[in-house]
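Participant: Give me a 3D structure for the following:
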Amino acid sequence: MPLKHLIELYDKLDSSKINMEEIVDYFKNIYEDFEIETYVLMGENGFTNMIKILIPGINGKRNGGNAKTLAILGRLGGIGARPNVIGFVSDGDGALAVLATAAKILSMKSKGDHLNGDIYISTHICTHAPTVPHEPVDFMGSPVNISQINEEELVNSRVKIDGVLSVDTTKGNRIYNKKGFAITPTVKEGYILRVSEDLLDIMEWVTGELPGVLPITTQDITPYGNDIYHINSILQPSVVTDLPTVGIAITTETIVPGCMTGSSHIMDIETTAKYLVEVSKAFGNNKCNLYDEEEFEKLKNKYGSLKKLQTI
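Facilitator: From the prediction side, this is the model:
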């Protein structure tokens with residue numbers, strides 16, 4: 001279980017001053033044979049710290065193999081809203097979940113349990129993010145434009161990816177009212193496809209409960225900046241890639257602002273991280289499909305391209 005790593009990482013991230021070298025050392029102290037990169041990304045209203053982690057699988061592309069590569073992205077505006085709000089905000093749960101996932105997979109490798117495919121994990125760490133007006137509660141913003149984050153995480157990833165999971169706190173809505181996490185239908189090239197049966201199976205096995213699905217709309221899969229309502233940024237990675245993309249939403253029963261502190265529920269994040277680990281195992285073993293390739297081709301042949309929805 002990744003609970004230990006969650007607690008340790010939370011302690012490091014719940015700070016007004018993040019030392020990225022300490023974050024790198026934390027992962028390297030677990031296991032050394034992987035790739036990690038951190039750098040400052042400047043935006044119009046400030047900066048954030050990008051972090052990218054590539055964990056090679058025994059039959060992954062990095063080692064010349066052919067196993068599929070899964071990208072797991074922590075989607076957020078910031079982990080802190082300083083100086084207006086002091087402490088780790090709810091919006092940071094996605095970043096915390098994916099970093100704990102990386103730590104757990106590295107811990108497994110240190111004990112001789114190696115995944116088959118490569119795992120690429122990326123997020124950004126911003127302790128001084130702005131808040132943004134939004135209904136029904138305010139969102140967290142970012143000093144860096146979300147299109148820049150998309151560009152850094154996917155377009156400039158330098159990794160051959162086969163599928164994307166986007167992990168985002170999704171508590172500021174009346175659409176999904178259950179504490180824990182939910183998954184979205186798969187999105188690909190402007191199409192909202194059926195929910196992956198494999199992802200539903202793994203969710204049932206990990207949680208021991210019936211699976212939860214977050215409903216999404218056409219608005220949610222269009223780019224930010226088009227003056228159209230979005231539930232949040234969970235599916236923004238889908239606008240810059242043709243890869244199948246699924247949102248993993250960390251949720252609550254009540255409406256919680258993203259800029260609220262003291263509202264990160266460690267066991268919900270831990271269950272999410274466990275799920276991400278199990279999906280990572282299955283995806284690299286070709287036992288977890290995010291979409292039906294044949295059916296997708298039928299859709300395109302019958303109804304044409306919907307890539308226009310990926311543009312402003």
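
Participant: Low-confidence bits of the stretch 151-300 of the chain, can you list those?
Facilitator: Applying pLDDT under 70 to the predicted model, the stretch 151-300 of the chain contains no residue that meets it.

Participant: Okay, helices next: where are they in it?
Facilitator: Here the stretch 151-300 of the chain has its helices, by DSSP state H, counting those that start in this stretch, at 197-207, 266-284, 293-303.

Participant: packing partners for the second one?
Facilitator: Helices and strands touching helix 266-284, as assessed by 3 or more CB pairs under 8 Å, 6 or more residues apart in numbering; DSSP states H and E, comprise helix 3-13, strand 70-75, helix 93-110, strand 163-169, strand 180-183, helix 197-207, strand 245-251. Every residue, glycine included, has its C-beta placed from N, CA and C.

Participant: quick revisit: quick one, which of the helices of the stretch 151-300 of the chain is nearest to Thr241?
Facilitator: The closest of those to Thr241 is helix 293-303. By CB to CB, the value is 14.5 Å.

Participant: Can you tell me what sits against that closest one?
Facilitator: 188-189, 191, 193-194 (CB atoms under 8 Å, 6 or more residues apart in numbering).

Participant: mind exporting stretch 177-185 as CSV, just the C-alpha atoms?
Facilitator: Taking Å, rounded to 0.1, in the frame of the first residue of the first chain, the C-alpha atoms of stretch 177-185 are listed here in CSV:
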residue,chain,number,x,y,z
ASN,A,177,-21.7,13.0,-4.9
LYS,A,178,-19.7,10.2,-3.5
LYS,A,179,-16.6,10.3,-1.4
GLY,A,180,-13.6,8.5,-2.9
PHE,A,181,-12.7,8.5,-6.6
ALA,A,182,-14.5,8.1,-9.9
ILE,A,183,-13.4,7.5,-13.5
THR,A,184,-14.6,9.2,-16.7
PRO,A,185,-15.5,7.7,-20.0
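
Participant: so how far is that stretch from its chain's centroid?
Facilitator: 14 Å (CA atoms, centre = their mean, to the nearest Å).

Participant: residues making contact with it?
Facilitator: By CB under 8 Å, 6+ apart, stretch 177-185 touches 170, 176, 192-196, 199-200, 203, 207, 209, 211-214, 216, 234-235, 246-254, 265, 268, 271-272, 275.

Participant: List the buried residues for that stretch?
Facilitator: 180-185 (16 or more other CB atoms under 10 Å).

Participant: and the closest residue to Met260 other than its chain neighbours, how many neighbours?
Facilitator: Take Met260 and drop its neighbours on the chain: the residue closest to it by CB to CB, 6 or more residues apart in numbering is Ser90, 5.1 Å away. Neighbours of Ser90 under the rule other CB atoms under 10 Å: 24.

Participant: looking at it, Ser90 is touching Thr254, isn't it?
Facilitator: No. Ser90 lies out of contact with Thr254 (CB atoms under 8 Å); the separation is 11.7 Å.

Participant: which residues does the residue lying closest to Asn226 once chain neighbours are set aside contact?
Facilitator: Setting aside the residues directly before and after it, Asn226 is nearest to Ile312 in space (CB to CB, 6+ apart), at 5.3 Å. Contacts for Ile312 were tallied using CB under 8 Å, 6+ apart; they are 223, 225-226.

Participant: from these, which would you call buried?
Facilitator: Pro223.

Participant: Go through the contacts of Ile312 and name the one nearest Asp292.
Facilitator: Pro223 (25.7 Å).

Participant: Tell me the buried residues in stretch 196-204?
Facilitator: For stretch 196-204, by 16+ other CB under 10 Å, it's 196, 199, 202-203.

Participant: Based on its surroundings, how many neighbours for Glu37?
Facilitator: 12.

Participant: nope, Ser122 is what I was after
Facilitator: Neighbours of Ser122 (other CB under 10 Å): 24.

Participant: I am finished for the moment; much appreciated.
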